[in-house]
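J.: Next comes the sequence, and after it the predicted model I'd like to discuss.
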Amino acid sequence: MIPFNFIRPASLAEALDFLAENGERTEIIAGGTDLLVELRGIPAGKKGPKWVVDISGLPELKGIREEGEEIIVGSGSTHWEVHTSELIRETAPLLAAASATVGAAQHRNIATIGGNIMNASPAADTVPALIALEASAVLRSREGERVRPLSGIFVKPYQTDAAPGEILTAVRFRRLPAEAKSAFVKLGRRNALAISRMNAAVVLFLRDGVISEARIAPGSATPMPERFAAAEKILIGQKPSEELFRAAGAAVAAEMVDRSGRRWSTPYKEPVIAALTARALREALAG
Amino acid sequence: MIGLSPLRVDGREKVTGAARYGQDLKLAGMLYAKVKHAEYPHAEILKIDTARAKKIKGVAAVLTAADVPGNTAFGAVIVDNQPLAEDRVRYLGDAVAVVAAETAEIAEKAAAAIKVKYRELPAVFDPREALEPGAPEIHEGGNQINHHKTRKGDVAEGFRQADLVIERSYSTQRVDHTYIETEVVVASLDHDGTLTVEGSHQNIFSIRAAVASFLGLPLSRVRIVQAALGGSFGGKDDCMSVLSCRAGLLALKTGRPVMLSNSRESSLIESYKRHPYFLDYKVGVKRDGTLTAMEIKVVADGGAYASMTPFVTWRSVVHATGPYRVPNVKTDIYGAYTNNTYTGAFRGFGSPQITFAYESLMDEIAGELKLEPLEFRMNNILRDGEITATGQKLDHTVSVGQALQAATSAAGWEEKRRRFSEENRTRLLKRGIGLACSYRGVALGAEGVDATGAIVRIQSDGSIDLTTGLVEMGQGLKTVFSQIAAHELGVPVERVQYRRTDTSTIVDGGPTVASRSTIMGGAAVRKAAIAAREKLCAAAAGELGADPAELTAVGEKIMVASDPDRAIDFTGAVALALAAGMNLSSFAWHVSPPIWWDEEAGKGNAYFTYVYACQVAEIEVDPETGKINVLEVWAAHDVGKAINPEAVRGQICGGVATAIGYGTLEEVELVEGVTKTVNLDEYLIPTAMDVGKIHSIILENPDKYGPYGAKCIAEPTAELCAPAIANAVAHAAGKRIRDLPLNLERIVLGHKLVKKQRRAR
Ligand SMILES: Cc1cc2nc3c(=O)[nH]c(=O)nc-3n(C[C@H](O)[C@H](O)[C@H](O)COP(=O)(O)OP(=O)(O)OC[C@H]3O[C@@H](n4cnc5c(N)ncnc54)[C@H](O)[C@@H]3O)c2cc1C
């Protein structure tokens, strides 16, 4: 592995100061489960980061709490902390479900939700769940804080619009009301330690037996995770039914092909994302 | 002691981390080596420029084929594998140069600084194309590595008698052994000029032969020592010879110890794999389900070097029909060179491929005839005294029927076949249950001479040293051999110390392969221990006032068998023997019973005995996503006699897990010779969450040739689950997949997804 300098700031302010000066040649490390794989892949002799800043010990990034109607998840929360949090299980069960599927127990004990987001993989498991929760990203630099809809920070696969001096400090979203229906379903090649071949997160609101609001966020379907409005529209104003869910699934598949084009993997992904979406809707409804 | 399961004798050191593996070896002044790999799958080497690499500070040596003092190539069957490519590279795992330096980082930098000029040659990646006239020639004399055949009866006549002739083609993929520990050696020179190579070796004697020939040293000056081994599964043979030759050469030239190890990436690119097979089966069958003829053609992808291809494919040709009564058989199997990663030994050794084909096919035929797969098999399986496809009369208990019955009744077969079919009509996730059975020749068979030795040395304090040339690789050999010695000497296992395997401590007793260790090595250990016991009995006879033949060794005593009160303790007997000037070291040699093979006629008594097995897999498959969940596996194996039942169960669980990976997940993907799956993020093996519940069913029909009646267990466990899963998927979802692995895409689309590739380089 290429050599680098390892910095472990004592506070968020210290970390931000360091990044403000050296951000361009620095990588942030939280759990390191993505970053170390990436650094190991840099061939000997090629340039890597000069510094690696370890934010995993920063207390400011820890903790899951509520503020009024909002849930705030510190970016340094591990997947284990997320999926075992009573608060998350109650207010965002689909996020708990997504975190529970990341890697194996060893990863979940160390890997963070912030790393999952900022790595910006199209297959990241918590991101579709967070997008379906309409979460916002809280980004801090020495100059200050900006809060952006999470779905807006992804520029392309493995790249966000965060500036070199910025740290994601938290994600926040409105708690799902008790009557909201939601689900996260994941398809991996294995039952553990599997990157999503595809996944889907959905949230449904029903009023008088009719769907009043729908959010569908498939993962590994598009270069950047996002909501699929056309499919959501099909659901709104309708009574849930198997046919309806199948229609929504088909719409997701069509929208995926529209956005990503026909690729070598499309013959597989097209029917499968339709099936997964329908399944997620079914599971959400069943509660 | 025989039939009990004492704790593994090497368990403690392994779970406490005390076991010393190759990577743990650190010798004073040790250098680190790195290899410069080929840059084309097939190219002529025009010039290797090592000048820049040699100038880097900390580099001790940069060597190429020009520096090899002995033969540049080795090979157990065909001498064609060059640890340092001389004038041509034949796959991307070939090395053109090897570097030793003070640190691994410097060595890597130096390897990168080596510049090689090539002339690219036309390459061939499909073994069927490689055998066509005009294909680019990979080795002089053409691309056919070998052609084996079996002939029995007259297939034309057999097909005439058939009511139905069914033709099917199957294919299997290239898979990696995926041992946890990648390959590693440390080579060092002794002051007396002996070269020692310690490392993750499976077959110390074949590795020694390769190193001695490569370095031009006599065998007596090369010593191969096995470090604790982190898994092998047939995989640490030729590739370990390659590493040992390279490191040995560097040690010889620098006079310093050299460590050479493969990263996971190098291991996946460089080490040999299991052969991909292309199998065409044509079967004649009567309406009542009687088989009349089988005509089989198989092409195996041998990759760049022959390695074990001639033997692997020979095992396939012997077993290609499966354990069935087929009056007319014509089988032809070809091994072909390609510019892919070479292929060789892998647990199963030519059987997982053919078992997948013939057991899928048996279900297909049953389906065509509207017969139940179990019933159809029961009507056609070999029985006691019947004749195999190679013309061999089976003179032991032929237990394939017993295995079929045992596995299916434990699984609740009939009821589940019916119930799942019904329930699946209304279920989204489909359940299925499938089976596969096999027979398997034990030990090397007519591949070559099969003999091995053991030394039992009783020390003056009554402790016992046990040495053989066979190795522990996780299978439990040390424990089973220690049990046998302890049993015959009437002492607890703790008294026996199994020595590390080392070519300088015992004569060449062949490789630890072919599931031969218990039946061959166990028999040698038993003989040596009995010989040692007889000496103790002779020494004690006077004291006990009995004839030595009346004495026995039990409970740490030498006693009169008919009168246990007349006894002296074991150490007492040892003292008496030593005082009498007796030699308490005994060496025994065990040779396999006679077998024969007529390669021209394609007939013979291929193996001296066979084992029989059946596995049943219950699965759930999601037809919409292609995801298979293996829920439960019932594995019934006739082992002759389970010397250590817990070790047998361990072998069954491991073999089943391997086969589940083979069946559903694993594939080393090569595109035009380039390995696409270079680490375990892409090369996926099953986790504990993917193997379901495994039920081991041990059957015991003692064999006259095995110690205590024991036969074998290691490899048959790995040859059955892939076809059992394929048959279960067909039952569950009505989808017959004829190509491995049954991954998500194959289940949904019926075929593999292929990424469009631009031509490599
Ligand atoms: C074997 C294995 C299995 C895996 N399985 C899964 C899986 O099933 N599902 C899944 O979604 N992922 C999986 N991953 C990927 C990875 O574990 C997750 O993405 C994880 O959440 C990353 O978190 P981390 O804390 O380890 O991130 P790190 O590796 O520390 O960081 C990842 C990236 O984000 C940046 N970063 C981290 N924190 C911040 C922050 N607060 N502000 C700004 N930038 C930041 C880093 O600079 C880096 O670029 C797997 C990885 C491995 C190695």
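T.: Perfect, thanks for sending it.

J.: Tell me the residues of the stretch 51-200 of chain A that contact the ligand?
T.: A:55, A:75, A:101-103, A:107, A:111-112, A:114-116, A:118-119, A:124-125, A:162, A:167-168, A:193-195 (CB under 6 Å from any ligand atom). (Each C-beta comes from the backbone N, C-alpha and C, glycine too.)

J.: Inside strands: which ones of those residues?
T.: The strands, defined by DSSP state E, take in A:167-168 from those.

J.: Filter the residues of the stretch 51-200 of chain A next to the ligand down to the buried ones.
T.: A:55, A:75, A:101-103, A:111-112, A:114-116, A:118-119, A:124-125, A:162, A:167-168, A:193-195 (16 or more other CB atoms under 10 Å in any protein chain shown).

J.: For B:Gln144, give the beta-bridge partners.
T.: Beta-bridge pairing of B:Gln144 under DSSP bridges involves B:Ala336.

J.: And it, how far from A:His107?
T.: From B:Gln144 across to A:His107, the span is 48 Å (CB to CB, to the nearest Å).

J.: Repeat that for B:Leu742.
T.: For B:Leu742 relative to A:His107 (CB to CB), the value is 27 Å.

J.: repeat for B:Asp80
T.: 44 Å.

J.: same deal with A:Ile273?
T.: Taken as CB to CB, the span from A:Ile273 to A:His107 is 25 Å.

J.: And for residue 163, nearest residue in space, chain neighbours not counted?
T.: In the absence of a named chain, chain A is used. Spatially, and ignoring its direct neighbours in sequence, A:Ala163 is nearest to A:Ser141 (6.3 Å; CB to CB, 6 or more residues apart in numbering or on different chains).

J.: wait, chain B
T.: Distances taken as CB to CB, 6+ apart place B:Arg287 nearest to B:Asp163, at 4.4 Å, with adjacent residues excluded.

J.: so that neighbour touches B:Leu164, yeah?
T.: Yes. B:Arg287 lies in contact with B:Leu164 (CB atoms under 8 Å); the separation is 7.1 Å.

J.: okay, the two: which has more neighbours?
T.: B:Leu164 (14 against 11; other CB atoms under 10 Å in any protein chain shown).

J.: Check what pLDDT that one gets.
T.: Per-residue pLDDT puts B:Leu164 at 98.

J.: Look up how far B:Thr290 lies from it.
T.: Taking CB to CB, one finds B:Leu164 at 11 Å from B:Thr290.

J.: quick one: contacts for the residue nearest to B:Asp163?
T.: The contact partners of B:Arg287, taken as CB atoms under 8 Å, 6 or more residues apart in numbering or on different chains, are B:163-164, B:369.

J.: And the pLDDT for whatever residue of the stretch 101-250 of chain A ends up closest to the ligand?
T.: With CB to the nearest ligand atom as the measure, A:Gly115 is the residue of the stretch 101-250 of chain A nearest to the ligand, at 2.0 Å. On pLDDT, A:Gly115 comes in at 98.

J.: One more: B:Val754?
T.: 83.

J.: Same check on B:Lys297?
T.: Taking B:Lys297 on its own, its pLDDT is 98.

J.: host element of it?
T.: For B:Lys297, the element it lies in under DSSP states H and E is strand B:291-303.

J.: got the buried residues for that strand?
T.: So for strand B:291-303, counting by 16+ other CB under 10 Å, buried means B:291-303.

J.: what's the answer for stretch B:696-712, then?
T.: Residues of stretch B:696-712 classed as buried by neighbour count (16+ other CB under 10 Å): B:696-703, B:705-712.

J.: And for stretch B:37-52?
T.: Result for stretch B:37-52 [16+ other CB under 10 Å]: buried residues B:37-38, B:40-43, B:45, B:48, B:50.

J.: so which of these comes closest to B:Arg526?
T.: B:His37 (46.3 Å; CB to CB).

J.: what are the phi and psi values for B:Gly29?
T.: B:Gly29 adopts backbone torsions of phi 80, psi 20, taken as degrees, to the nearest 10.

J.: Count the residues that sit near it.
T.: 11.

J.: swap in B:Glu108?
T.: 19.

J.: so it sits in a helix?
T.: Yes. Under DSSP: H, G, I helix; E, B strand; the rest coil, B:Glu108 falls within a helix.

J.: who touches it in this structure?
T.: If you count contacts by CB under 8 Å, 6+ apart, then B:Glu108 has A:44, B:34 around it.

J.: Please see if the longest helix along chain A touches chain B.
T.: Counting residues, the longest helix found in chain A (DSSP state H) is helix A:266-286. Yes. Interface with chain B: helix A:266-286 contributes A:267-268, A:271-272, A:275-276, A:279 (CB under 8 Å from any CB of the partner chain).

J.: just those residues now: which is nearest B:Gly231?
T.: A:Tyr268 (32.8 Å).

J.: Next up, the contacts around B:His487.
T.: Counted by CB under 8 Å, 6+ apart, B:His487 has contacts B:1-2, B:529.

J.: so what's the backbone phi/psi at it?
T.: Taking degrees, to the nearest 10 as the convention, B:His487 sits at phi -60, psi -50.

J.: what mean pLDDT would you report for stretch B:442-454?
T.: pLDDT averaged over stretch B:442-454 gives 94.

J.: buried stuff in it?
T.: So stretch B:442-454, judged by 16+ other CB under 10 Å, has buried residues B:442-447, B:450-454.

J.: Kindly report the residues of the stretch 1-150 of chain A close to chain B.
T.: So the stretch 1-150 of chain A meets chain B at A:37, A:43-45, A:104 (CB under 8 Å from any CB).

J.: got those as JSON lines, with neighbour count and pLDDT columns?
T.: What follows is the residues of the stretch 1-150 of chain A next to chain B, written out as JSON lines (neighbours: other CB atoms under 10 Å in any protein chain shown; pLDDT from 0 to 100):
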{"residue": "A:Val37", "neighbour count": "12", "pLDDT": "94"}
{"residue": "A:Pro43", "neighbour count": "9", "pLDDT": "81"}
{"residue": "A:Ala44", "neighbour count": "16", "pLDDT": "72"}
{"residue": "A:Gly45", "neighbour count": "10", "pLDDT": "74"}
{"residue": "A:Ala104", "neighbour count": "14", "pLDDT": "95"}
